[in-house]
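S.K.: just a sequence and a predicted model for now, questions to come.
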Amino acid sequence: MLITSFMKLSQNEFKKRRKQNKLVLSLIGMSNTGKTFWSHKMMDVGFYHVNCDDLIESKLGDELKLLGYSGIEDVSRWMGQPHEEHFAVNQQKYLLLEKEVMEEMFAQVANETNQNVVIDTTGSVVHLDKQICFGLKEKTFILCLDTTDDLQEKMFQQYLEQPKPVVFGELYDKHSDETNQQALARSYQKLLEYRRTLYLQYADVVLPREKISPELNANQFLSLIEQSL
């Protein structure tokens, strides 16, 4: 079932909100699609950057310190892989903290009237309950940085080389004849497909990652969004 569009804007409305410093833009998509990269660029043209990964890490601060951990890669170590015993408990804790972060962010955005905002969501935001996802849809303009099939293997290699905390929900399983790595690769493929379906449902605009040159500046990137409306 497709989701009702709450924040669909015309090109003129998009430009008007930006000019009035009332544009709240959310970036959604899998890890390594460029959400943080483009958020940082938009800071150059006055956007306030809300980094949900950083906020979750901050809430985990004391627990991470006890383990000698810091940074997003260490959050991944804390969460672990789906075949490890501690993963299920830590995955649930991560999602609860992510929900807190999103609720706090909604309150912050409601009080922000003098600055454009870019919300750099986690890849797992679509695993939260529908109330949170509808809230994001209602309160912000959502851009999905999309991934096509030919990018998925590359993304899996990036995940292995530069791990980020990945919520699998119920999508991980291991067959009796598989190694942990084989089960992870197969389950990650299912995860990409599952999340992509939800990202596309929630998005107001979808831009394929490979169609966006990293050489674009922030204004050019925002113009690309406008042209897609």
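M.R.: Looks like it came in fine.

S.K.: can you give me the helices in the chain?
M.R.: Taking DSSP state H as the test, the helices found in the chain are 11-19, 35-43, 52-59, 61-66, 72-79, 87-111, 130-139, 149-161, 180-202, 218-227.

S.K.: look up how far E153 lies from the spatially most distant residue from the centre of the chain.
M.R.: In the chain, the residue that sits farthest from the middle, by Cα atoms, centre = their mean, is D177; the gap is 33.0 Å. Distance from D177 to E153, counting by Cβ to Cβ, to the nearest Å: 22 Å. (Glycine included, C-beta is placed from N, CA and C.)

S.K.: and for A107?
M.R.: 40 Å.

S.K.: my guess is C133 contacts V125, does it?
M.R.: Yes: taking Cβ atoms under 8 Å as the definition, C133 is a contact partner of V125 at 7.1 Å.

S.K.: pick out whichever of the two has more residues nearby.
M.R.: Taking other Cβ atoms under 10 Å, C133 and V125 do not tie; V125 has more neighbours (25 against 20).

S.K.: that one touches M102, doesn't it?
M.R.: Yes: in this structure, V125 is within contact of M102 by Cβ under 8 Å, at 7.2 Å.

S.K.: first vs last residue of stretch 202-215, how far apart are they?
M.R.: Stretch 202-215 stretches 27 Å from its first residue to its last (Cα to Cα, to the nearest Å).

S.K.: so what touches that stretch?
M.R.: The set of residues external to stretch 202-215 that reach it, using Cβ atoms under 8 Å, 6 or more residues apart in numbering, is 3, 5, 7-9, 28-29, 33-34, 37-38, 126, 133, 136-137, 141-148, 151, 199-200, 221, 224-225, 228-229.

S.K.: all set, thanks.
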